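Colleague: Sequence and computational prediction follow.
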Amino acid sequence: MAIVTVPAEKVTEEAGAVERGHAAWQRAKVERGSAQSKDRAAMIPLEQVWRDLKLEG
C-alpha cells in the first residue's frame with residue numbers, strides 16, 4: 001500500500017469537518033447494527049443466507 005502525501009495547501013478545515021461527520025455516521029451505524037443484533041427473532045436464518053448466496057446445495 002502506497003502512502004499518499006497531500007500538499008498542505010490542499011488541506012482545509014472543511015475537509016476535517018467531513019472526516020468528523022463520517023466518523024460520527026460510522027459510529028452511529030455500528031451502534032444501530034449492535035442494537036439490531038440483540039433481537040435474534042429479526043435476524044435472517046443462516047441456512048437462508050447460504051441458500052441465497054448459493055453456498056449450500
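Modeller: Arrived safely, thanks for sending. Residues are numbered from 1 along each chain as shown.
Colleague: make it CA atoms for all contacts and neighbour counts henceforth
Modeller: Fine.
Colleague: OK, contacts around Gln36?
Modeller: Ala42 (C-alpha atoms under 8 Å, 6 or more residues apart in numbering).
Colleague: how much space between it and Lys29?
Modeller: 11 Å (C-alpha to C-alpha, to the nearest Å).
Colleague: what's the answer for Glu19, then?
Modeller: Glu19 is 15 Å from Lys29, by C-alpha to C-alpha.
Colleague: And for Pro45?
Modeller: 22 Å.
Colleague: Could you give me the buried positions within whatever helix or strand Gln26 lives in?
Modeller: Using DSSP states H and E, Gln26 falls within helix 13-37. Neighbour counts over helix 13-37 (16 or more other C-alpha atoms under 10 Å) mark no residue as buried.
Colleague: Tell me the helix or strand right after it.
Modeller: Following helix 13-37 toward the C-terminus (DSSP H and E): helix 46-52.
Colleague: Determine how far that next one lies from the middle of the whole chain.
Modeller: Its chain's C-alpha centre and that of helix 46-52 lie 22 Å apart, by C-alpha atoms, centre = their mean, to the nearest Å.
Colleague: now swap in stretch 27-35 and tell me
Modeller: Average the C-alpha atoms of stretch 27-35, do the same for its chain, and the two points are 9 Å apart (C-alpha atoms, centre = their mean).
Colleague: what are the C-alpha coordinates of that stretch, in CSV please?
Modeller: Output in CSV follows, covering the C-alpha atoms of stretch 27-35 (Å, rounded to 0.1, in the frame of the first residue of the first chain):
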residue,chain,number,x,y,z
ARG,A,27,-20.2,5.1,14.9
ALA,A,28,-24.0,5.5,14.7
LYS,A,29,-24.2,2.8,12.1
VAL,A,30,-22.2,0.3,14.2
GLU,A,31,-24.4,1.2,17.3
ARG,A,32,-27.6,0.6,15.3
GLY,A,33,-26.2,-2.8,14.0
SER,A,34,-25.2,-3.8,17.5
ALA,A,35,-28.7,-3.0,18.8
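Colleague: Do me a favour and average the pLDDT over it.
Modeller: For stretch 27-35, mean pLDDT rounds to 92.
Colleague: Then stretch 47-57?
Modeller: On average, stretch 47-57 scores 81.
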